[in-house]
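# have a look at this fold, sequence not included:
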């Protein structure tokens, strides 16, 4: 029984696929794509928060990968190489879009008056209650500055270690940790803001409801 | 609670964002509501992020098709079949029974031809000579040759004596097989016009058709006698 094309694609190991892709083999390209597309797409989607743009970025990342695959010599892990490339593609796009780039040190500065961390953003009644609403989290991540967003998505969402992030983003491990902390702090602020907005809307709705009853 | 301790607590979070908390930090959040809340909310965000990451995100299938199109347009990928050559491609895509049928038919044709050549060698050799001449003229494109052969075949079919449907059916069946082979060869030449091997195979396929035509011509003559 002849093996089908799809079974050939499925059975191809990554190392062999890379070797064959370097020779322009179409099945090998597809195998590499199938092995990594979910992670790259998820990364793009979570970093830009837009499916159409995530698709475009995923395609661009793989296109760049396949353009350069002949130069891959195996000194680093292939997945690290690919994801560093994908992150760079995303960051380049974010920069081109001229998003408001908050300085990485701008957020979560210590409170000037007390010298301590800002903790009273939402007030006691609006504190996060041990769980975070997913929709709100995604909204908040979308609003993070690109640098914070990248580190948060890579570490807390995609599960990369700080040493991997340091390689991917060409920064120190300490810088990765610091940015992650600042990203979380900024997310916390944003989530409190969302909670305040929601509470305000509920109050207004309640006022409108009680007003209409008279 | 001393602001200094709170600053130190946050500094510790920045340096060790993945925990675990040191004994000093743990003692601090026991006695500081603000820092305890900060810690629990950071943990909640981290947990939510991890749960989010656990969800698989499948890109749409058309993404690969689109990517592949771009890779092909840039000449980055080549079809594996094309790399192995047109013959391998033909064998790769043709169903086994079709190949077996084609080979059996060609063997039968060759056997028939051998038998007729023994009887009338001069007549059977006419068409291959025409093919050899065509192959020697690079400007004679395959399509011209194919039309010429089609015209010759039509005349052969027209000249077949009525009342021999078995012969006509057999010829048509074999003709279909050879025509399929020619179609594949022509496509190979279109894709690789400078490949001499592809051109050789194309002319070989035409030759098979010419052999079929010669066989039919001879058979027609015999039936008419």
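Looks like it arrived, so ask away. On a predicted model such as this, the values are computed, not experimentally measured, just so you know. Numbering: from 1, shown residues only, chains lettered A, B, ... in the order given.
# for the residue of chain A found nearest chain B, give me its contacts.
Shortest chain A-to-chain B distance, computed as Cβ to the nearest Cβ: residue-wise this is residue A:156, at 3.2 Å. Yep, even glycine has a C-beta here, placed from its N, CA and C like the rest. Shown here is residue A:156, whose contacts under the criterion Cβ atoms under 8 Å, 6 or more residues apart in numbering or on different chains are A:180, A:184, B:45-46, B:49-50, B:53.
# quick one: pLDDT of it?
Model confidence at residue A:156, given as pLDDT, is 93.
# ditto for residue B:162
Among the per-residue scores, residue B:162 holds a pLDDT of 59.
# can you list the domains in the chain?
Since you didn't name a chain, this refers to chain A. With domains defined by automatic domain parsing, chain A comprises A:5-96, A:124-206.
# meant chain B, my bad for not saying
When chain B is parsed into structural domains using automatic domain parsing, the resulting residue ranges are B:3-53, B:94-224.
# can you flag the weakest of those by average pLDDT?
When these are compared on average pLDDT, domain B:94-224 comes out lowest at a mean of 61.
# about what we covered before: does the residue of chain A closest to chain B count as helix, strand or coil?
The three-state label for residue A:156, taken from DSSP: H, G, I helix; E, B strand; the rest coil, comes out as helix.
# tell me which helix or strand in chain A has the weakest average pLDDT.
The helix or strand of chain A with the poorest confidence is helix A:5-11; it has a mean of 62 (mean pLDDT, DSSP states H and E).
# find the nearest non-adjacent residue to the residue of chain B found nearest chain A, please.
Proximity of chain B to chain A (Cβ to the nearest Cβ) peaks at residue B:49, 3.2 Å away. The shortest distance from residue B:49 to any residue other than its chain neighbours is 3.2 Å, reached at residue A:156 (Cβ to Cβ, 6 or more residues apart in numbering or on different chains).
# give the contact list for residue B:64.
If you count contacts by Cβ under 8 Å, 6+ apart, then residue B:64 has A:30, A:33-34, A:37 around it.
# among those residues, which are located in helices?
A:30, A:33-34, A:37 (DSSP state H).
# of the residues you listed, buried ones?
Burial by neighbour count, 16 or more other Cβ atoms under 10 Å in any protein chain shown: within these this picks out A:30, A:33, A:37.
# so which of these are also by chain B?
A:30, A:33, A:37 (Cβ under 8 Å from any Cβ of the partner chain).
# picking up where we left off before, which is the next helix or strand following the helix or strand containing the residue of chain B closest to chain A?
Secondary-structure element containing residue B:49, defined by DSSP states H and E: helix B:33-53. Towards the C-terminus, the helix or strand next in line after helix B:33-53, according to DSSP H and E, is helix B:62-73.
# identify the spatial nearest neighbour of residue A:51, chain neighbours not counted.
Using Cβ to Cβ, 6+ apart, the nearest residue to residue A:51 is residue A:45, at 6.5 Å.
# end-to-end on stretch A:12-32?
End-to-end distance for stretch A:12-32, by Cα to Cα, to the nearest Å: 9 Å.
# just give me the neighbour total for residue B:34.
18 (other Cβ atoms under 10 Å in any protein chain shown).
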